[in-house]
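1. Here's a sequence, model it:
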Amino acid sequence: MSSAEAPRAIVVGLAGKTLSAGERALFAKAPPLGVILFARNIETPEQVRALVAEVRAALGRADAPVWIDQEGGRVARLRPPHWPAYYPARTIGLLDGGAAQRAAWLQARLIADDLRDLGIDVDCHPCVDISVQGAHDVIGDRAFSADPGAVADLGRAACEGLLAGGVLPVIKHLPGHGRALADSHVALPVVDAPLALLEATDFVPFAALSDMPIAMTAHVVYTAIDAACPLTQSPDGIADLVRGRLGFDGVLVSDDLNMQALTGTLAERAAAALDAGCDLALHCSGRLDEMTDLLPAIPLLDGDALARWKIAASRRGPALPFDRAAARAELDTLVAAGGEGEA
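-> Numbering: from 1, shown residues only. Okay, the predicted model is just below:
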């Protein structure tokens with residue numbers, strides 16, 4: 001197989017707004033499956049389209065996935081003036097049931113329209129963690145609700161809105177980050193809740209959405225599952241909980257390897273995640289020195305992981321017909337009627 005046919009089991013960030021010569025050379029030798037874009041990579045629509053085209057040309061695959069975190073609210077890589085603002089999940093979750101589901105679908109469909117216009121086809125959205133009073137606010141208003149059933153319903157509506165727009169959703173942070181008392185970007189959260197409580201609350205949305213194409217793991221220790229390892233790196237957690245109890249058989253991607261919840265070198269962090277059962281690792285910093293060391297150490301995407309990726313990618317269809325102006329007007333009307341303010 002040529003390198004274009006044999007990507008590594010990783011998605012990586014980029015340093016800037018164009019692809020550097022160093023990134024091109026590295027991708028020719030050890031190509032990732034795809035890339036993920038951040039604010040540092042984004043300036044104008046024309047520039048983003050050009051960057052996406054550069055990436056796919058460098059990887060030698062016109063269907064190489066380009067990922068982004070575009071949730072609405074405070075987690076939005078695309079922002080005004082070139083892209084519209086969207087509502088935090090909590091704003092939608094506070095609407096009445098039917099209105100909330102419609103708003104979740106409309107917002108996701110609008111986001112998908114923005115992304116497909118740029119060539120971006122995977123969105124790390126929706127966040128289906130539940131809101132838990134007293135927890136760290138790293139999730140906060142990114143959660144639709146404290147009600148697991150409502151989160152499941154609104155998460156499904158958001159996933160379906162993205163899929164209708166030709167964008168693959170990534171549900172996160174499996175099996176639930178909402179109860180954590182620490183931000184996994186800076187420390188390792190440990191959740192001591194009993195299994196029965198987790199099964200009745202945090203795990204509910206992930207079990208309900210087990211048919212979705214991609215899920216992102218939480219760098220969180222759940223002592224009722226595996227007191228020694230964060231879920232991302234827990235063989236028992238992934239085999240017994242994720243693939244077993246929750247029934248998720250889609251692509252499992254780690255959260256960012258650079259987060260301080262994890263320890264060891266980046267290659268060690270990636271190996272632990274992949275060995276535990278993640279299909280893909282995620283490296284977001286865009287630092288070429290880190291990628292130069294990391295990418296050659298990542299195995300090729302093959303076996304069950306490749307099969308799961310092919311199934312997920314097959315769900316990335318053409319965008320269905322859509323009246324953008326009418327959808328935005330309806331979304332804003334629903335939110336205004338609920339008294340929840342502006343995006």
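
2. Tell me which residue is most central in the protein.
-> residue 124 (2.4 Å; CA atoms, centre = their mean).

3. Can you identify each of the strands in the stretch 101-250 of the chain by residue range?
-> 122-123, 168-174, 190-191, 214-217, 221-222 (DSSP state E, counting those that start in this stretch).

4. Can you list the neighbours in contact with stretch 150-162?
-> Stretch 150-162 is contacted by residues 89, 92-93, 97, 100-102, 104-112, 123, 125-126, 128-130, 143-145, 168-169, 171, 204-205, 208-209, 212 when judged by CB atoms under 8 Å, 6 or more residues apart in numbering. For the C-beta atoms, the positions are set from N, CA and C on the backbone; glycine is no exception.

5. Out of these, which end up buried?
-> Among these, those classed as buried by neighbour count (16 or more other CB atoms under 10 Å) are 89, 92-93, 100-102, 104-112, 123, 125-126, 128-130, 143-145, 168-169, 171, 204-205, 208-209, 212.

6. Quick one, which of the strands of the stretch 101-250 of the chain gets closest to residue 266.
-> Checking the strands of the stretch 101-250 of the chain against residue 266 by CB to CB gives strand 214-217 as the closest, at 16.3 Å.

7. could I have the closest one exported to PDB, CA atoms only?
-> These are the backbone C-alpha positions of strand 214-217, laid out as PDB (Å, rounded to 0.1, in the frame of the first residue of the first chain):
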ATOM      1  CA  ILE A 214     -17.900   8.300  16.400                       C
ATOM      2  CA  ALA A 215     -17.500   8.900  20.100                       C
ATOM      3  CA  MET A 216     -14.700  10.700  22.000                       C
ATOM      4  CA  THR A 217     -13.400   9.200  25.300                       C
END
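
8. Report the strands that pair with that strand, each with its relative direction.
-> Using DSSP bridges, strand 214-217 pairs in its sheet with strand 168-174 (parallel), strand 251-256 (parallel).

9. Give the phi and psi angles for residue 99, as a check.
-> Note on residue 99: its backbone torsions stand at phi -70, psi -40 [degrees, to the nearest 10].

10. pLDDT score for it?
-> Note on residue 99: pLDDT of 97.

11. same thing with residue 23?
-> pLDDT, residue 23: 98.

12. One more: residue 5?
-> 54.

13. Check the one 3 residues further on too.
-> Residue 8 carries a pLDDT value of 98.

14. That one: how many residues sit nearby?
-> By the measure other CB atoms under 10 Å, the count of residues near residue 8 is 23.

15. Surely it is in contact with residue 302?
-> No. With contact defined as CB atoms under 8 Å, residue 8 does not reach residue 302; the gap is 10.2 Å.

16. Touching stretch 197-205 from outside, list them.
-> Contacts of stretch 197-205 (CB under 8 Å, 6+ apart): 128-130, 132, 148-149, 151-152, 155, 171, 175-176, 178-179, 191, 193, 222, 224, 241, 245-246.

17. ok, residue 116 touching residue 168?
-> No. Assessed by CB under 8 Å, residue 116 is found out of contact with residue 168, at 11.2 Å.

18. circling back to that earlier point, CSV please, covering the strands of the stretch 101-250 of the chain and showing distance to residue 48 and mean pLDDT.
-> Below are the strands of the stretch 101-250 of the chain laid out as CSV (distance: least, CB to CB, whole Å; pLDDT from 0 to 100):
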stretch, distance to residue 48, mean pLDDT
strand 122-123, 14, 98
strand 168-174, 18, 97
strand 190-191, 37, 94
strand 214-217, 21, 98
strand 221-222, 37, 96
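
19. okay if I get those strands as a markdown table plus distance to residue 271?
-> A markdown table is the format used below for these (distance: least, CB to CB, whole Å):
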| stretch | distance to residue 271 |
| --- | --- |
| strand 122-123 | 23 |
| strand 168-174 | 20 |
| strand 190-191 | 23 |
| strand 214-217 | 15 |
| strand 221-222 | 19 |
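
20. To residue 278, which of those strands lies closest?
-> Between residue 278 and the strands of the stretch 101-250 of the chain, the shortest gap by CB to CB is with strand 214-217, which sits at 6.3 Å.
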